[in-house]
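Undergrad: compute the structure for the input listed below.
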Amino acid sequence: MPSPTVRDVAAAAQVSISTVSRALSKPDLVAVDTREHVRRVARELGYRPAAVDPGPTVRPGAIGLIVPDLENPFFGLMAKGVQARARAEGLLVVVADVEEDAMIERTMLETVADGVDGLILCSPRAGDETIRAVAARVPTVLANRQVDDLPSVVFDEEHGMVSALRHLVALGHRRIAYAGGPSVSWTHRRRADAAHRFGEQTEDVDLIDLGSFLPYLRGGQGAADQAIASGVTAVVAFNDLLALGIIDRLIQRGVRVPTDMSIGGIDNVAASTYVRPHLTTVDASRARMGRTAVDLLVGALDSDRAPLPQILPTELIVRDSTAVAPSAHAAPVPAEHTATTAVAPTPLAR
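TA: Have a look, this model is predicted:
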């Protein structure tokens, strides 16, 4: 017979899972009567809290967090937000880094899902059907991804991308590129779609799709070479690490940033201010995303109804890596123009 889980205790005690977790791990946060009731039910069921369970497997009372790559500071800060909020709820967090490997991700989805009471998938690369199958087995929240009616928290990618592009247009740039991230990334597709729509709706602006690149510094080499070959005067990169890699490669090739080419990123990681020029970027609070994901998961654990999707704001942070275009004597593009561009962007695979 399987060991009782925190979910079983919550159902028997007729309280929420978070209340059970707090009653057993942080009793001072729970009313005395409730605390004693939960403890009595746990004893009767033979429930063993995670703190005293010596087994090698993932333990009851835990939530799982699966991320693509903790080397990327985006996911590190998001994980810290998850852990801080889960700690306040008396929950243990089990983190799995799948190293941007689809096979490792599939394995982790199978193994972690069977040993936790809830699951947070951050930027999963798996297909929708795989994610739905996991969510049917264990309460699941998506971060930086949306799938049908599953609970999710995402950033306002449209606003962030459009803000960056409008900034460049205001500086006189008329031939602008988007350097994409992994082709399997849901976030990459959202950002690319937003960039393409902007290009289609803004008169006298050519929006060039440079393709997909590794979302790290080393991915910037190919992206920078493509940018030079395409003749653009500005690039918005999928994330800050890619943008910084582009800047490094441009400098190697004698292209001055921002005098000859302006570069912008997305995420506002700490490294964006460690280099010269400081990187213009779109800020999005990863820690807030992590906290919100836990709140959504607790809500899903405590109710049969899926919490509503959450969309978090983004904000453009203008720094030194963007400047007036080299040929910026062209007339400014009025915001109200919506004509199709003269050069259509390369379509992305959906």
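
Undergrad: excluding chain neighbours, what is closest to L77?
TA: R286 (4.0 Å; CB to CB, 6 or more residues apart in numbering). (C-beta placed from N, C-alpha, C; glycine too.)

Undergrad: would you point out the helix or strand in this protein whose mean pLDDT is lowest?
TA: Here the helix or strand of the chain ranked lowest by mean pLDDT, DSSP states H and E is helix 17-25, holding a mean of 74.

Undergrad: and after that one, which helix or strand comes next?
TA: Beyond helix 17-25 on the C-terminal side, the first helix or strand identified by DSSP states H and E is helix 32-45.

Undergrad: and that next one, which residues are buried?
TA: Residues 34-35, 37-39, 41-42, 45 are the ones in helix 32-45 that count as buried (16 or more other CB atoms under 10 Å).

Undergrad: one step back: from the contact counts, what lies against the least confident helix or strand of the chain?
TA: Here helix 17-25 touches helix 6-13, helix 32-45, helix 286-302, going by 3 or more CB pairs under 8 Å, 6 or more residues apart in numbering; DSSP states H and E.

Undergrad: pick out the residue nearest the middle of the protein.
TA: N144 (3.8 Å; CA atoms, centre = their mean).

Undergrad: pretty sure that one contacts C122?
TA: Yes - N144 lies in contact with C122 (CB atoms under 8 Å); the separation is 5.8 Å.

Undergrad: hmm, back to that, quick check: closest non-adjacent residue to the residue nearest to the centre of the chain.
TA: Using CB to CB, 6+ apart, the nearest residue to N144 is S123, at 4.3 Å.

Undergrad: how close does that neighbour get to P151?
TA: 15 Å (CB to CB, to the nearest Å).

Undergrad: and for L210?
TA: Taken as CB to CB, the span from L210 to P151 is 34 Å.

Undergrad: check E129 too.
TA: Noted for E129: a distance of 18 Å to P151, by CB to CB.

Undergrad: which one's more surrounded, these two?
TA: P151 (25 against 9; other CB atoms under 10 Å).

Undergrad: just the pLDDT for the closest residue to D283 other than its chain neighbours.
TA: In space, and not counting its chain neighbours, D283 is closest to N268: 3.9 Å by CB to CB, 6+ apart. The model reports N268 with a pLDDT of 96.
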